[in-house]
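S.K.: Return atomic coordinates for the entry below.
(2 chains)
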Amino acid sequence: MRNLALCLFLLFAAAPALAQAPLPPAPTSFSDPGLEARARNLQRQLRCLVCQGESIDESGSPFAADVRALVRRQIAQGRSDRQIEDFLVARYGDFILMKPPVQPNTWFLWLAPFLVLALAGTIAWITIRRAQRRAANS
Amino acid sequence: MTGELGQLALCLALALSLVMAGTGLYGARADAGPARGVASSAALGMLVFVVLAFGALTYGFIVSDFSIADVASNSSTLKPLIYKITGVWGNHEGSMLLWVLVLSLYAGLVAWLGRGGARLTSAALGVQGLLAAAFLLFILFTSNPFLRLDPAPFEGAGLNPLLQDPGLAMHPPMLYAGYVGLSASFSYAAAALIVGEEAIRQQWVRAARPFMLIAWIALTCGIALGSWWAYYELGWGGFWFWDPVENASLMPWLIGTALLHSALATERSGAFRTWTLLLAIAGFSLSLIGTFLVRSGVLSSVHAFASDPTRGFFIMVLIALAIGGALALFAWRAPTLQGGAAFEPVSRETTLLLNNVFLVAACACVFVGTLYPLVLDAMNGTKISVGPPYFAVTFAPIFFALLLLVPLGPRLNWRRGDLKQALRTLYPAMGIAAVAGLAVLAIVSPRSLTAFGAFAVAGWLIAASAIDIGKRRGKGRGRARAIAFASALAHAGLGVSLMGVAGTTLWRSEALEVMGPGQTMQVGPYTLRFDGVTNVQGPNYAAQRARIALMDGDQVSAVLEPERRLYLEQGQEVSDTAIRTTGLRDLYLALGDDRGNGRFTVRAYVSPLAPFIWLGGLVMALGGILSLWGRLRLKAPEPEKAASAQAIAAE
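M.R.: Numbering: from 1, shown residues only, chains lettered A, B, ... in the order given. Predicted structure coming up:
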C-alpha cells in the first residue's frame, strides 16, 4: 500500500510536466489506503464472468473494468462490502462470487472436506487402536 | 501415405493390446507359463506400433501434411520447427495419442523389468493391456488423428499461440508421464488382487514402487512446469489459479504422495495393505477423471458436453469399468487378507497414517471444489464459482496441519517410537522456526499472522531436513545414503515452495500505469523508465516490443523487453512478459494496450521469493530422483533383511 501511495504521489508530483499531453483516465484508485485495500480485496472476491476463472482484479476485459468501476463507485458512496456483493449477486447471480455463499445448496461443498477429514481420522484411529492391541498381544 | 501407415500401426497396436490383455490375464494362473511370454512380447510389440503411429503423426506435422485433418486444423507452415513438433500434442487427438504412447512405454517397462515375479508381471500386463485397448478404441472411434481431408487446404489453421512456448511444449509429456505412470501402480494393484494372498501382502508394492516414484517425480515436475508457464505467460503474475484443469493434475499428485507414504509401511511390514491397494486404484482413477474433465469439454460448459457427448461418454464408461472392475476385485479379495500390522500409537506407522488422512482430506477439497459446481449446474442449472477463497478456507488449513507434522515422521522408529527423543532432536528446528517467523514479523510489512505461520513452518521443515542430512552425513554409502537423503530433500522442498507461495501472495507489489516515452514509474524498490516501443516481426507473429530501462539513480542497470504479440493466423494477442530475477525477487513486466501517441499500459509486479515456488518443486523432484536412484539396483530385500536395510534408509 505504501508503494501505491508513493506511485500516486509521484503521479501527482509529475502532473505539471504532463499537462500538455493529457493522459487517458489513469487506473482509478483511492487516495485513502484503507479504501484502496478494501476495493482490491473485494475485486479479488469477484469473478470476471467473461474470462476463464480470473477475478475482476486480474482481468483486462472490459467487463472486469466496468465491475471494478462499479465497485469503486459504490465504495465511494459508503456502501459496505456486503451490500456491494448483494447488489452484484442480485444482478449476476452467485456465479460472480469467487467464494461460494454458504447456503443449503452449498452445504455439501463446504462440509465435504471436513467430513472426509473426520471420516479418515476415525478410520486411522480405529486402525491405530487395533494395531496397538496386536502389538500388546505379540 | 504416412497417415495410412499411422492408422495401420494403431490398428495393429490395438490387436496386440488385446492379445496382451488375454494372455497376460490368463498367465496369472499358476500353470499358464507359456502365455506369459506371449504377453511380454505383445507389450513390446504394441509399444513398437504405437511409436510408429506417433512417429507418423509427428512426420505429418513436420512436413505440414495438410491432407491430415488434425495437422490442418492445428499446424501451419509458418510455425518454427519446434512448435510443429510440440503441436503434435497441442490438440485433442494428438494428446490422446501421446497418452497411449506413455501407457505403452510403461507397459513395455513392466514387461522388460518383470518385477515381482512372472505371475504378477503377467497379470499386471494383462490389466495394462486392457487399459491400452480401451484408449486405442477411444482414439480410433472418437479421436482419430489420421483422418484425411480432401481437398487438402493450402495452409493450416495454426496452433493456439498460448501453446507456442517452450514451457508448455514440455508440460504435457511431463504431466502425462505422471498421470499415466500411475497406471502401472494401478495395474500392479489389480494384478495382486487377481493373483491373490502372497502378492497382495507386499510383493506387488515392491514391484510397483519404482513406478510410483517415476510417476510422482514426473507429476511434481509437470505441475511445477505448468504453474511456471502460467506465471510468465498469462501476464499478471499469478502462479496457481485453482482452475479445474490444474486441479485435475493436483488430485493425482496428492493421492500419489499418499500412496508413496502408505506403500513405505506396506513394503516394510505389510501394514495398511488394503489401504495401499485402494490408494493405487484411486490414484489412477483420478488420472482418468482428470482426463475426462479436460477431454470431454465438460469444463467449458456442461452444455458443450451435452451437445457432443461421444467422447465424454466413452471416457465415462471407461472410468466406470476401470474403477468398478478394480473395486469389485478389491471387494472380492480384500476380506481374505488376514491380520494386520502391530504398532504402538507413537510410531512411524502412525505418522504415515496421519500423512494419509490429511492428504486424502486435501484431495477431497480439490475434488469437491472442482466437481461440485459442475454437478450443481448439470442438476438444475445453478451456477456457482468455487474460486481461490474457497480453497484458502478448506485446503490451506488441512495442508498446513500436514506440514506441521512432516518433520516428526522420519524421527520415529517403526512399531514403537520415542516422541520425547524425536522432539529433542527437533529443538534446533523449533528455534529456527521461531526465529524465521519472528524475523518476518519484525522486518516485513504488512505484518500478518499468516506470514508468521508460513515462515515458521517453512523454517521448521527446512531446518528439520538439514538436521536429518547432517546427522546421516557420515553413515551409509552411495545408494543407501541417497535413499536416506531423499525424504529430507523432498520435505525441504515443501518448505522452500511454501516460502515462495507465502512471499508472492502476501508481499507482491504492483503498479499499472500508462507510460509515454521517457516517463518513469515506481514499483516496489525499482524505478523503471519507458523508452518506447518498436515493431518486431516474428516467424508467425507481429510484435510490439517495449524497451523498459531499470534505473539505478541516473544509470541504466538493465533493460527489459516485454512484448505484445499478434499471432497472424488466429488474430490472437498474447503478451510475452519480461522477468528479471535476483533469485530472491522477481521484477515482472507485461506490456498492455496501445493508448495512442506512443503511450502504452505497463503492468509491473515485484514478487518477493517467487522463484522459490518452482525451486521447491525441483528440490522435491530431486528427492524423488535420489530415492529412485537409490533403489534402482537394490534388489527387493527379504522381510528380515528389509528391517535392517530400512533402518539405514530410515525413510
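S.K.: contacts and neighbour counts: CA atoms only from here.
M.R.: Will do.
S.K.: Measure how buried residue B:165 is and give me the count.
M.R.: Neighbourhood size, residue B:165 [other CA atoms under 10 Å in any protein chain shown]: 15.
S.K.: Give me the secondary structure label for the nearest residue to it once chain neighbours are set aside.
M.R.: Among residues not flanking residue B:165 along the chain, residue B:83 sits closest, at 7.8 Å (CA to CA, 6 or more residues apart in numbering or on different chains). With DSSP: H, G, I helix; E, B strand; the rest coil as the basis, residue B:83 sits in helix.
S.K.: ok, residue B:83 - how many residues close by?
M.R.: For residue B:83, the neighbour count with other CA under 10 Å is 23.
S.K.: same thing with residue B:569?
M.R.: For residue B:569, using other CA under 10 Å, the count is 17.
S.K.: how far away is it from residue B:155?
M.R.: Applying CA to CA, to the nearest Å, the value for residue B:569 to residue B:155 is 10 Å.
S.K.: same question, residue B:429
M.R.: Look at residue B:429 and residue B:155: by CA to CA, they are 62 Å apart.
S.K.: now swap in residue B:327 and tell me
M.R.: According to CA to CA, residue B:327 stands 49 Å off from residue B:155.
S.K.: returning to what we had before: more neighbours: residue B:429 and residue B:155, which one.
M.R.: residue B:429 (24 against 17).
S.K.: in what helix or strand does the more buried one lie?
M.R.: helix B:427-443 (DSSP states H and E).
S.K.: buried ones in the helix or strand just after that helix?
M.R.: With elements assigned by DSSP H and E, the helix or strand that comes after helix B:427-443 is helix B:449-472. Residues B:451-469 are the ones in helix B:449-472 that count as buried (16 or more other CA atoms under 10 Å in any protein chain shown).
S.K.: what's the neighbour count on residue B:389?
M.R.: Neighbours of residue B:389 under the rule other CA under 10 Å: 17.
S.K.: What of residue B:285?
M.R.: Residues near residue B:285, counting by other CA under 10 Å: 22.
S.K.: same deal with residue B:170?
M.R.: 14.
S.K.: and the one helix or strand it maps to, what does it pack onto?
M.R.: For residue B:170, the element it lies in under DSSP H and E is helix B:166-195. With contacts taken as 3 or more CA pairs under 8 Å, 6 or more residues apart in numbering or on different chains; DSSP states H and E, helix B:166-195 sits against helix B:81-86, helix B:92-113, helix B:118-142, helix B:204-233, helix B:244-269, helix B:273-295, helix B:310-333.
S.K.: need the residues of the stretch 501-650 of chain B near chain A, please.
M.R.: B:509, B:510, B:511, B:512, B:513, B:514, B:521, B:522, B:523, B:524, B:595 (CA under 8 Å from any CA of the partner chain).
S.K.: In ChimeraX, how would I select the buried members of the residues you listed?
M.R.: A single ChimeraX command selects the buried members of those (16+ other CA under 10 Å):
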select /B:509,510,511,512,513,514,521,522,523,524
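S.K.: JSON lines please, covering the residues of the stretch 501-650 of chain B next to chain A and showing secondary structure.
M.R.: Below are those laid out as JSON lines (three-state DSSP):
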{"residue": "B:509", "secondary structure": "strand"}
{"residue": "B:510", "secondary structure": "strand"}
{"residue": "B:511", "secondary structure": "strand"}
{"residue": "B:512", "secondary structure": "strand"}
{"residue": "B:513", "secondary structure": "strand"}
{"residue": "B:514", "secondary structure": "strand"}
{"residue": "B:521", "secondary structure": "strand"}
{"residue": "B:522", "secondary structure": "strand"}
{"residue": "B:523", "secondary structure": "strand"}
{"residue": "B:524", "secondary structure": "coil"}
{"residue": "B:595", "secondary structure": "strand"}
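S.K.: In space, not sequence, find me the middle residue of chain A.
M.R.: Centroid-nearest residue in chain A: residue A:45, 2.2 Å away (criterion: CA atoms, centre = their mean).
S.K.: What sits closest to it if chain neighbours are left out?
M.R.: The nearest residue in space to residue A:45 (CA to CA, 6+ apart) is residue A:98, at 5.1 Å.
S.K.: got a pLDDT number for that neighbour?
M.R.: pLDDT for residue A:98: 89.
S.K.: how many other residues sit next to it?
M.R.: Residues lying near residue A:98 (other CA under 10 Å) number 23.
S.K.: so who does it touch?
M.R.: A:44, A:45, A:46, A:47, A:55, B:385, B:386, B:387, B:388, B:389, B:390 (CA atoms under 8 Å, 6 or more residues apart in numbering or on different chains).
S.K.: Now pLDDT, distance to residue A:128 and secondary structure too, for those, in JSON lines please.
M.R.: Shown next, in JSON lines, are those (pLDDT from 0 to 100; distance: CA to CA, whole Å; DSSP: H, G, I helix; E, B strand; the rest coil):
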{"residue": "A:44", "pLDDT": "87", "distance to residue A:128": "43", "secondary structure": "helix"}
{"residue": "A:45", "pLDDT": "89", "distance to residue A:128": "42", "secondary structure": "coil"}
{"residue": "A:46", "pLDDT": "91", "distance to residue A:128": "44", "secondary structure": "strand"}
{"residue": "A:47", "pLDDT": "89", "distance to residue A:128": "44", "secondary structure": "strand"}
{"residue": "A:55", "pLDDT": "85", "distance to residue A:128": "44", "secondary structure": "strand"}
{"residue": "B:385", "pLDDT": "89", "distance to residue A:128": "39", "secondary structure": "coil"}
{"residue": "B:386", "pLDDT": "91", "distance to residue A:128": "35", "secondary structure": "coil"}
{"residue": "B:387", "pLDDT": "88", "distance to residue A:128": "36", "secondary structure": "coil"}
{"residue": "B:388", "pLDDT": "89", "distance to residue A:128": "35", "secondary structure": "helix"}
{"residue": "B:389", "pLDDT": "90", "distance to residue A:128": "35", "secondary structure": "helix"}
{"residue": "B:390", "pLDDT": "94", "distance to residue A:128": "32", "secondary structure": "helix"}
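S.K.: What is the nearest of these to residue B:625?
M.R.: residue B:388 (31.5 Å; CA to CA).
S.K.: So what's the residue count around that closest one?
M.R.: Residue B:388, neighbours per other CA under 10 Å, totals 21.
S.K.: Buried residues of the longest helix seen in chain A, list them for me.
M.R.: Identified as the longest helix of chain A according to DSSP state H is helix A:107-137. Using 16+ other CA under 10 Å as the test for burial, helix A:107-137 gives A:109-110, A:112-114, A:116-117, A:120-121, A:124-125, A:127-132, A:134-135.
S.K.: how about that helix against chain B, any contact?
M.R.: Yes: interface with chain B: helix A:107-137 contributes A:109-110, A:112-114, A:116-117, A:120-121, A:124, A:128-135 (CA under 8 Å from any CA).
S.K.: which residues of chain A fall in helices?
M.R.: For chain A, the helices defined by DSSP H cover A:2-13, A:15-18, A:33-44, A:62-76, A:81-92, A:107-137.
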